[in-house]
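# The amino acid sequence is not available; the structure is as follows:
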């Protein structure tokens with residue numbers, strides 16, 4: 001019993017001694033007992049990762065860009081079983097004009113026009129990427145991502161402007177102007193060949209206001225390339241109204257359209273334009289009765305009649321004749337007059353002048369020639385300020401009238417002897433053929449369905 005009490009006392013004393021201990025971190029590591037923060041501790045060594053642990057991805061997987069259009073591609077990465085997820089991706093060959101946001105991994109790129117050259121529709125290229133971890137040991141991986149740049153599928157040439165284009169042109173005149181066409185595809189290819197655009201005129205009016213008969217391209221396969229802008233082409237256009245007569249309106253506005261076509265068959269938008277043909281009357285035409293030689297002989301002692309037409313050859317004006325010689329002062333009796341009637345070659349509204357000179361010349365007139373002066377004026381039917389005038393002189397040669405001389409009354413020859421059975425008859429009298437009367441409806445001595453005579 002005594003030994004039991006002694007052992008119990010010793011046990012109690014031991015328990016009491018342990019209850020007075022004041023160090024709760026007793027037995028903990030020094031960094032814990034010393035109060036060091038986790039950030040200040042040295043990282044434990046990380047084994048190097050293989051490059052296969054770094055994965056580079058892009059969205060889309062293949063970049064597709066179009067000339068003149070903003071396009072984007074996004075790069076991202078992953079680190080597998082490497083003890084870190086911190087990395088960065090760089091683009092080593094950033095195209096000119098492209099912008100890359102490294103934090104977001106977004107690349108923005110607007111390819112310039114004419115980047116795709118020649119007859120190709122697209123070009124292929126690469127983005128060279130580099131991915132690396134941010135903690136040591138640094139692991140680096142490089143990879144290429146394919147991208148394409150294509151020319152716009154509907155890229156059209158543009159008819160930009162007209163240079164030296166006349167808004168008006170006189171009828172019968174010729175001129176030239178230029179049409180400027182911008183074509184981004186008209187450039188040199190790898191072989192050094194140039195394929196400029198083509199120019200086509202388009203009918204926009206189906207009647208006499210169609211301008212296409214007046215237009216033609218000078219050297220259509222060889223336009224002039226602009227010195228400052230290699231994509232700008234100058235087409236020289238001939239505008240010719242020579243040989244065309246506008247008989248409808250004094251000022252005729254004609255219209256046309258033009259399109260440009262690239263070497264790839266892409267057609268530009270229609271460019272419409274118009275110009276006005278200023279119709280001007282022509283020099284009047286005088287139809288003399290002579291066909292080859294203009295020489296008129298009048299007979300003295302006889303009544304003479306001379307006639308002629310004065311008309312507008314293109315039926316655009318009204319032609320009037322005014323005698324500047326006072327025929328009443330001529331010797332004998334002379335009447336000079338004109339009748340304003342329909343054109344000598346048509347029944348249209350255009351008026352011409354049918355003129356006659358009727359002159360009873362005295363037989364004893366001494367002069368052997370006479371000049372008669374007159375004025376011919378052709379006036380536009382719609383504009384009296386538009387006219388052409390001629391001052392003409394017609395010379396008449398005066399000849400004595402031929403007098404028919406009767407044969408003398410010679411005695412008859414004696415009768416033949418009775419034995420003659422074949423007497424000689426008198427020679428037959430040959431009468432000249434009578435003149436054929438002029439056809440009905442002919443006012444002058446010259447038919448007017450053709451241009452005989454000379455325009456003085």
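Ah, there it is. Just so we're clear, the structure is a prediction, and the values are computed from it rather than from any experiment.

# Check the gap between residue 312 and residue 374 for me.
Computed as Cβ to Cβ, to the nearest Å, the residue 312 to residue 374 distance reads 17 Å. Quick note: C-beta positions are derived from backbone N, CA and C, even for glycine.

# who's more crowded, these two?
For residue 312 versus residue 374, the count of surrounding residues by other Cβ atoms under 10 Å is larger for residue 312: 25 against 22.

# measure that one to residue 322 for me?
In this structure, residue 312 and residue 322 are 16 Å apart, going by Cβ to Cβ.

# For residue 52, give me its contacts.
Taking Cβ atoms under 8 Å, 6 or more residues apart in numbering, we find residue 52 in contact with residue 80.

# And for residue 257?
201-204, 270-273.

# Ramachandran coordinates for the spatially most central residue of the chain?
Centroid-nearest residue in the chain: residue 258, 4.5 Å away (criterion: Cα atoms, centre = their mean). Backbone dihedrals for residue 258, given as degrees, to the nearest 10, come out at phi -140, psi 140.

# Surely it and residue 180 touch.
No. Using Cβ atoms under 8 Å as the test, residue 258 is too far from residue 180 to be in contact (11.1 Å).

# Please enumerate the shared neighbours of the two.
Taking Cβ under 8 Å, 6+ apart as the contact criterion, the residues that touch both residue 258 and residue 180 are residue 159.

# just to revisit the earlier point, now list the buried members of the contacts of residue 257.
201, 204, 271, 273 (16 or more other Cβ atoms under 10 Å).

# Out of the residues you listed, which is nearest to residue 130?
The closest of the buried ones among the contacts of residue 257 to residue 130 turns out to be residue 271 (Cβ to Cβ; 50.8 Å).

# and the closest one, what are its bridge partners?
With DSSP bridges as the criterion, the beta-bridge partners of residue 271 are residue 258.

# just for the stretch 251-400 of the chain, where's the confidence low?
290-294, 341-351 (pLDDT under 70).

# The same query, at a cut-off of 80, please.
The stretch 251-400 of the chain contains residues with pLDDT under 80 at 251, 264, 279-280, 289-295, 313-316, 341-351, 381-383.

# And what about residue 213, helix, strand or coil?
Secondary structure, DSSP: H, G, I helix; E, B strand; the rest coil: residue 213 is helix.

# and it, how many neighbours?
By other Cβ under 10 Å, the residues close to residue 213 number 13.

# That one and residue 206, how far apart?
In this structure, residue 213 lies at 13 Å from residue 206, with Cβ to Cβ as the measure.

# repeat for residue 179
According to Cβ to Cβ, residue 179 and residue 206 sit 23 Å apart.

# And residue 254, by the same measure?
Relative to residue 206, and taking Cβ to Cβ, residue 254 is found at 12 Å.

# These two: who's more crowded?
With other Cβ under 10 Å as the criterion, residue 254 and residue 206 differ in neighbour count, and residue 254 comes out ahead with 23 against 7.

# Three-state assignment for residue 265, please.
Of the three states, residue 265 takes coil according to three-state DSSP.

# Quick one: neighbours of it, just the number.
Burial of residue 265 is recorded as 7 neighbouring residues (other Cβ under 10 Å).

# same check, this time on residue 140
11.

# Provide a list of residues in contact with it.
Counting by Cβ under 8 Å, 6+ apart, residue 140 has contacts 51, 130-132.

# Just put these in a markdown table and tack on distance to residue 228 and neighbour count.
Conversion of the contacts of residue 140 to a markdown table gives the following (distance: Cβ to Cβ, whole Å; neighbours: other Cβ atoms under 10 Å):
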| residue | distance to residue 228 | neighbour count |
| --- | --- | --- |
| 51 | 51 | 12 |
| 130 | 41 | 14 |
| 131 | 45 | 22 |
| 132 | 47 | 15 |
